[in-house]
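In: no sequence on this one, just coordinates:
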């Protein structure tokens, strides 16, 4: 997962998880597995990001 930038996947990486590439993968099947992992990571990363923002604002 990346922070938003002007290009696709160009922002700083904030989370990574391995996703297996299978011999019979299609672009669509691999994309679906990547999205599954990202959907699990998103609430965790959002919580961490918000916690850090809160700490920053209270300094």
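Out: That came through fine. Note that this is a predicted model, so its numbers are computed, not measured.

In: count of neighbours near the nearest residue to residue 45 once chain neighbours are set aside?
Out: Nearest-residue entry for residue 45: residue 15, 5.0 Å, with adjacent residues in sequence omitted and distances by Cβ to Cβ, 6 or more residues apart in numbering. Every residue, glycine included, has its C-beta placed from N, CA and C. Neighbour count of residue 15, defined by other Cβ atoms under 10 Å: 14.

In: I'd say residue 15 and residue 43 touch.
Out: No: taking contact to mean Cβ atoms under 8 Å, the distance of 11.2 Å between residue 15 and residue 43 leaves them out of contact.

In: quick revisit: report pLDDT for the residue nearest to residue 45.
Out: Looking at residue 15, its pLDDT stands at 83.

In: Distance of it relative to residue 22?
Out: Here the criterion is Cβ to Cβ, to the nearest Å. By it, residue 15 lies 22 Å from residue 22.

In: For residue 13, which non-adjacent residue is spatially closest?
Out: When the adjacent residues along the chain are set aside, residue 13 lies closest to residue 2, with 5.7 Å between them (Cβ to Cβ, 6+ apart).

In: Now do the same for residue 30: its pLDDT.
Out: You'll see residue 30 listed with a pLDDT of 97.
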